[in-house]
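Asker: I would like to see how this sequence folds:
(chains A and B)
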Amino acid sequence: AQTVTQSQPEMSVQEAETVTLSCTYDTSESNYYLFWYKQPPSRQMILVIRQEAYKQQNATENRFSVNFQKAAKSFSLKISDSQLGDTAMYFCAFSQGLTQGGSEKLVFGKGTKLTVNP
Amino acid sequence: DTEVTQTPKHLVMGMTNKKSLKCEQHMGHRAMYWYKQKAKKPPELMFVYSYEKLSINESVPSRFSPECPNSSLLNLHLHALQPEDSALYLCASSQSQTGYGYTFGSGTRLTVV
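Answerer: All right, here's what the predicted structure looks like:
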């Protein structure tokens, strides 16, 4: 079974600084998908960024970028120019894609609580 | 419309009450999910409806009962809940293309008294 590990329960960063959140996973599959979700105190889980395992290029979305190391099974999230609104729980998630039934099973890490300080 | 809408946002119920949570999406997604989330924990999958077929997490108690009236609407019926069932209940949906993850609703904060 796939597992996702986030080794940093809590992190803090100063506003405008850069922070990196770690995520490792375990799978025997060669094709899969990885995600970072953000959950602010407002509760809604928001997709920050996704990576397809067969793509070597690291995904980037504005201030958010990933460092995807397939051989090391590592998928870290870098947040540049941190803003107060980035304060949230961040969950790393893994998916093998659609099941035969047409749904998608996500395996979540335990999360990292990020606090951006003014 | 790119949203998953959940109602109500907050619910307080007694252990003898019957209530329902509602989830709706109009993105044409054919798979919808119910998750339970405790504070500072990842979400735990309860039920999946995919193309109107139900998949159950066997560890979910029978006091939770899902219903999928159509491909856009998902309900979660609650009956005789326990205080430990107090949590954030998240609904999500996923598209038919592989590898795009979920779109989540904003959740229902449930308190059982």
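Asker: which positions in chain A make contact with chain B?
Answerer: A:33, A:35, A:37, A:42-47, A:50, A:52, A:89, A:91, A:93, A:95, A:97-99, A:101-106, A:108-111, A:113 (Cβ under 8 Å from any Cβ of the partner chain). For glycine as for every other residue, the C-beta is placed from the backbone atoms N, C-alpha and C.
Asker: show me those that map onto strands.
Answerer: Mapping those onto strands (DSSP state E) picks out A:33, A:35, A:37, A:46-47, A:50, A:52, A:89, A:91, A:93, A:95, A:97-98, A:104-106, A:108, A:113.
Asker: ok, the residue most central in space within chain B - contacts?
Answerer: Nearest to the mean C-alpha position of chain B, by Cα atoms, centre = their mean, lies residue B:34 at 3.0 Å. For residue B:34, the contact set (Cβ atoms under 8 Å, 6 or more residues apart in numbering or on different chains) comprises B:23, B:45-47, B:64, B:66, B:74, B:76, B:89-91.
Asker: residue B:98 now?
Answerer: Counted by Cβ under 8 Å, 6+ apart, residue B:98 has contacts A:33, A:97-98, A:104.
Asker: what number of residues are in the vicinity of residue A:65?
Answerer: A count of nearby residues for residue A:65, using other Cβ atoms under 10 Å in any protein chain shown, gives 17.
Asker: the closest residue to residue B:16 other than its chain neighbours: how many residues sit nearby?
Answerer: Once flanking residues are discounted, residue B:16 sits nearest to residue B:80: 6.7 Å by Cβ to Cβ, 6 or more residues apart in numbering or on different chains. For residue B:80, the neighbour count with other Cβ under 10 Å is 14.
Asker: ok, residue B:80 touching residue B:64?
Answerer: No. In this structure residue B:80 lies outside contact range of residue B:64 using Cβ atoms under 8 Å: 10.2 Å.
Asker: on that earlier part again, most neighbours out of the contacts of residue B:98, which is it?
Answerer: residue A:104 (25 neighbours).
Asker: isn't it up against residue B:92?
Answerer: No. Residue A:104 is not in contact with residue B:92 according to Cβ under 8 Å; the separation is 9.6 Å.
Asker: what touches both of these two?
Answerer: Common neighbours of residue A:104 and residue B:92 (Cβ under 8 Å, 6+ apart) are residue B:102.
Asker: what pairs with the residue most central in space within chain A across the strands?
Answerer: The centroid of chain A falls nearest to residue A:36 when counting by Cα atoms, centre = their mean (2.7 Å). Assessed by DSSP bridges, residue A:36 has beta-bridge partners residue A:49, residue A:92.
Asker: contact partners for it?
Answerer: A:21, A:23, A:47-50, A:64, A:66, A:75, A:77, A:90-93.
Asker: with residue B:39 instead?
Answerer: Residue B:39 neighbours (Cβ under 8 Å, 6+ apart): residue B:88.
Asker: please apply the same query to the one 3 residues further on.
Answerer: Applying Cβ under 8 Å, 6+ apart, we find residue B:42 in contact with A:91, A:108-111.
Asker: list phi and psi for it.
Answerer: phi -70, psi 160 (degrees, to the nearest 10).
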